[in-house]
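**Q** Sharing a sequence plus its predicted fold:
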Amino acid sequence: MARISVRLFASVREAAGRSGCDIDASNLGELIESMKSRFGPALARVLVGREADPESVVILVNGMNIGRTPAGTVCLSQGDEVAIFPPVSGG
C-alpha cells in the first residue's frame, strides 16, 4: 500500500468536513472505499454517485482526469496526489 495525499474541493470538501487527508491505498477503488467509511454518509453519497455517473465527480490523479476509468483499475503509488471535486462548467 502507498500513502496518498487527497485534496477535496467545493461540495466534496463540505461533505467530508475537511479539505484533505492522507490515505493508504494501492488503487483508487480502495482509496474511495476508505474515504466512504472514514468520512461518513454525506461523502459516501457523493462518491457513490460516481459509480452510476462517472461524470458526477471529477477525480484527478497527479493532475490527470481519470474520466470513466473504473476506480479499481487506477493504480496508485507512494506520493501520488488525488484531487476530487464536483464537475466544473461555465465559460
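**A** Thanks, I have it.

**Q** contacting residues around residue 18?
**A** Contacts for residue 18 were tallied using Cβ atoms under 8 Å, 6 or more residues apart in numbering; they are 8, 39. In short, each C-beta sits where N, CA and C put it, glycine included.

**Q** and the gap between it and residue 27?
**A** 22 Å (Cβ to Cβ, to the nearest Å).

**Q** any chance you could map the helices in the protein?
**A** The residue ranges that make up the helices of the chain, judged by DSSP state H, are 10-16, 28-39, 41-52.

**Q** Which of those helices has the lowest mean pLDDT?
**A** Across the helices of the chain, the stretch with the lowest average pLDDT is helix 41-52; it has a mean of 89.

**Q** so what does that helix touch, helix or strand wise?
**A** helix 10-16, helix 28-39 (3 or more Cβ pairs under 8 Å, 6 or more residues apart in numbering; DSSP states H and E).

**Q** what about 10 Å?
**A** Secondary-structure packing of helix 41-52 (3 or more Cβ pairs under 10 Å, 6 or more residues apart in numbering; DSSP states H and E): helix 10-16, helix 28-39, strand 58-61, strand 81-85.

**Q** could you give the mean pLDDT of the third one?
**A** What strand 58-61 shows for mean pLDDT is 97.
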